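Trainee: Fold the following and give me the result.
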Amino acid sequence: MYIEVNGVRLFYKVSGNGPAIVLVHGNGEDHRIFNETAKLLEQDYTVYALDSRGHGKSSGGEVLGYEIMAEDVAAFIRALKLERPLYCGFSDGGIIGLLAAIKYTGLISKLVICGANADPKGLKGFWFLFFTLMEKFRPDPKTSMMLKEPHITGEQLSRISIPVLVLAGEKDVIREDHTRDLALKIKNSYLKILPGEGHGTYIIHSRKLYYAMKKFLEK
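Mentor: You can find the predicted model right below:
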């Protein structure tokens with residue numbers, strides 16, 4: 001399905017019945033990475049799996065940035081009249097969720113972020129260098145965005161009042177101390193570092209994400 005919001009045409013897939021949950025993927029991906037998780041969620045929730053602007057079947061690749069993508073999500077939720085939905089975002093989708101929770105109080109009821117960072121320096125040194133070289137030899141607006149943004153301060157994180165589940169893999173591309181610090185600065189947060197998992201191994205075409213966040217969603 002498509003919807004026009006915030007000057008872009010966003011594609012999304014809807015499935016299931018029950019309270020609404022919005023799923024937002026990471027950099028260079030689309031809603032399909034959540035297919036396995038969605039199959040389980042749709043037993044109890046109405047799942048809205050979204051393609052971010054400039055990704056998948058959505059338009060808007062000319063103007064990219066986490067702030068405007070958070071505006072897209074807010075406009076999407078309001079246009080569909082979703083009443084304080086749950087939200088789960090992976091990587092870039094997690095950053096977008098953090099910004100939406102900071103900027104739009106009362107928009108969402110609970111937030112799950114997976115492998116998200118508050119600053120580009122949250123990336124492990126090897127991966128920051130890898131993406132820097134990749135951008136140098138193969139320029140891409142998506143990679144450029146990831147290297148320059150976000151810049152979410154501790155003060156901004158402290159403003160988040162809703163419950164937040166902070167997930168990361170033990171072998172994530174995000175530094176563990178950065179993930180722990182991020183969780184520490186969010187007042188009502190719960191932290192889970194998943195043993196043996198990488199950045200997206202428990203998310204992309206996996207059912208592990210569902211089980212990692214099931215209890216949190218049900219509380």
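
Trainee: So which residues of the protein form strands?
Mentor: Listed in chain order, the strands found in the chain under DSSP state E are 2-5, 8-16, 20-24, 46-50, 86-90, 110-114, 164-169, 189-194.

Trainee: show me what contacts the closest residue in space to residue 67 that isn't next to it in sequence?
Mentor: Distances taken as Cβ to Cβ, 6 or more residues apart in numbering place residue 99 nearest to residue 67, at 6.2 Å, with adjacent residues excluded. Just so you know, the C-beta spots here come from the backbone N, C-alpha and C atoms, and that holds for glycine as well. Contact analysis of residue 99 by Cβ atoms under 8 Å, 6 or more residues apart in numbering lists 66-67, 69-70, 150, 152.

Trainee: if we can go back for a sec, check the strands of the chain for me and report the most buried one.
Mentor: Most buried of the strands of the chain, by mean neighbour count (mean count of other Cβ atoms under 10 Å): strand 86-90, with a mean of 28.

Trainee: To residue 75, which of the strands of the chain lies closest?
Mentor: Between residue 75 and the strands of the chain, the tightest spacing by Cβ to Cβ is seen for strand 2-5, at 3.8 Å.

Trainee: Tell me which other helices or strands the closest one touches.
Mentor: If you count contacts as 3 or more Cβ pairs under 8 Å, 6 or more residues apart in numbering; DSSP states H and E, strand 2-5 packs onto strand 8-16, helix 66-79.

Trainee: OK, contacts around the most far-flung residue of the chain relative to its centre?
Mentor: Here the chain reaches farthest from its C-alpha mean at residue 137, the gap being 27.1 Å by Cα atoms, centre = their mean. Taking Cβ under 8 Å, 6+ apart, we find residue 137 in contact with no residue.

Trainee: likewise residue 46?
Mentor: 14-21 are the contacts of residue 46 under Cβ under 8 Å, 6+ apart.

Trainee: Quick check: which ranges of this protein have low pLDDT?
Mentor: Applying pLDDT under 70 to the chain picks out no residues at all.

Trainee: thinking again about what came up before, quick one: which of the contacts of residue 99 has the most company?
Mentor: The member of the contacts of residue 99 surrounded by the most neighbours (other Cβ atoms under 10 Å) is residue 69, with 27 neighbours in all.

Trainee: isn't that one right up against residue 96?
Mentor: Yes. Contact status for residue 69 versus residue 96: in contact at 4.9 Å, counting by Cβ atoms under 8 Å.

Trainee: picking that back up, next one: the residue farthest from the centre of the chain from residue 126, what distance?
Mentor: 17 Å (Cβ to Cβ, to the nearest Å).
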